[in-house]
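> everything below, folded, please.
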Amino acid sequence: MSAASALPRQEPASPAMLRAPISMTKWRGHSGQTYVAVIHDLSGEDLATMGECVVLGAARTSSGIADLLGVAVSSATAARSLAARFAKRGATEMHVIHAAETAAGRTAIVSDLQL
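Predicted coordinates:
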């Protein structure tokens, strides 16, 4: 299986996502489900306002595609420590998914995007 077809993987953003006032991307999980994520800098001050969400630690390759380095459920209180943990793995960005309203839903997304 080539790296381009391996799951989970980042996929190109739609034209509407590229015009948005915030940076967004999407990821496809093992199940085939697509998840839209907002891209945050690891040192961003907005980390404390994320609330309950799924966070992906990522680093850009030379081709501009993000490599997934880790995925976890996060909260406003855990965001900074999670950012530090991802940074130690080489992450330069956090991709934040707010697609699930329940803890079970967030856990399912983490399972779908696990390496």
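> which is the next helix or strand following the least confident helix or strand in the chain by mean pLDDT?
Ranked by mean pLDDT, DSSP states H and E, the weakest helix or strand in the chain is helix 15-19, scoring a mean of 65. Scanning forward in sequence from helix 15-19 by DSSP states H and E, the next helix or strand is strand 24-28.
> with just CA atoms, put the helix or strand in which residue 67 is found into CSV.
Assigned by DSSP H and E, residue 67 belongs to strand 66-74. Written as CSV, here are the backbone C-alpha positions of strand 66-74 (Å, rounded to 0.1, in the frame of the first residue of the first chain):
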residue,chain,number,x,y,z
ALA,A,66,0.6,16.8,7.0
ASP,A,67,2.0,13.7,8.6
LEU,A,68,-0.1,12.4,11.5
LEU,A,69,2.1,12.0,14.7
GLY,A,70,-0.6,11.4,17.3
VAL,A,71,-4.3,11.7,18.1
ALA,A,72,-6.1,12.2,21.4
VAL,A,73,-9.2,13.5,23.1
SER,A,74,-8.5,16.9,24.6
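> all further residue positions should be reported with the first residue as 52.
Understood, numbering begins at 52; the last thing we discussed is strand 117-125.
> now do it and strand 75-79, the angle between them.
On the basis of axes from the mean of the first three to the mean of the last three Cα atoms, to 10 degrees, strand 117-125 is oriented at 90 degrees to strand 75-79.
> sounds good, over and out.
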